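Q: dropping a prediction and its sequence here:
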Amino acid sequence: MPKQKLPKMYTGIKKRYKKLGTAVENLGKTIRTIGPINDKTAHLIQLAAAAAIRSEGAVHSHVRRAREAGARQEEIYHALILLTSTIGFPAVSAAISWTDDVIEER
């Protein structure tokens with residue numbers, strides 16, 4: 001899968017606040033290494049959280065990252081569908097739509 005271009009806002013903040021950008025990157029890397037959860041599962045969890053807060057950009061990002069970590073398309077959609085009774089059908093529908101954006105660009 002080709003490396004995705006980072007969002008302009010993210011790269012702009014990283015450029016403007018170099019220490020913050022480094023800290024954010026290191027935080028994500030550190031968090032993924034301190035426990036027993038593998039990268040694929042971690043990104044599916046983060047995808048679910050992104051869907052719960054209705055963050056289109058984060059859903060896009062974690063779909064891509066989950067794919068890069070080996071998640072199958074069916075696992076990604078199932079992770080979202082599992083949220084229906086928790087965050088509601090409209091929020092899940094939106095997250096599936098955002099996931100389609102990424103899956104269909106392949």
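A: Here it is on my side, so go on.
Q: by contact count, what packs against the helix or strand containing residue 67?
A: Following DSSP states H and E, one finds residue 67 within helix 56-68. Applying 3 or more CB pairs under 8 Å, 6 or more residues apart in numbering; DSSP states H and E, we find helix 56-68 packed against helix 39-52, helix 73-81, helix 89-104. All C-beta atoms are positioned from the backbone trio N, CA, C, and that covers glycine.
Q: deepest of the ones you listed, which one?
A: Comparing the helices and strands packed on helix 56-68 by mean neighbour count (mean count of other CB atoms under 10 Å), helix 39-52 comes out on top with a mean of 19.
Q: angle of it against helix 73-81?
A: If you take axes from the mean of the first three to the mean of the last three CA atoms, to 10 degrees, helix 39-52 sits at 40 degrees to helix 73-81.
Q: now the most centrally placed residue in the chain: how far from residue 16?
A: By CA atoms, centre = their mean, the chain has its centre lying nearest to residue 62, at 1.6 Å. According to CB to CB, to the nearest Å, residue 62 stands 25 Å off from residue 16.
Q: I'd like the distance from the helix holding residue 67 to the chain centre, please.
A: Centre-to-centre, helix 56-68 and its host chain are 3 Å apart (CA atoms, centre = their mean, to the nearest Å).
Q: sorry, back to before: you'd agree the residue nearest to the centre of the chain is up against residue 50?
A: Yes - the pair residue 62 / residue 50 is scored as a contact, 5.4 Å apart, by CB atoms under 8 Å.
Q: how far does stretch 71-90 stretch from start to finish?
A: Using CA to CA, to the nearest Å, one end of stretch 71-90 lies 24 Å from the other.
Q: ugh, wrong one, stretch 32-44
A: End-to-end distance for stretch 32-44: 13 Å, by CA to CA.
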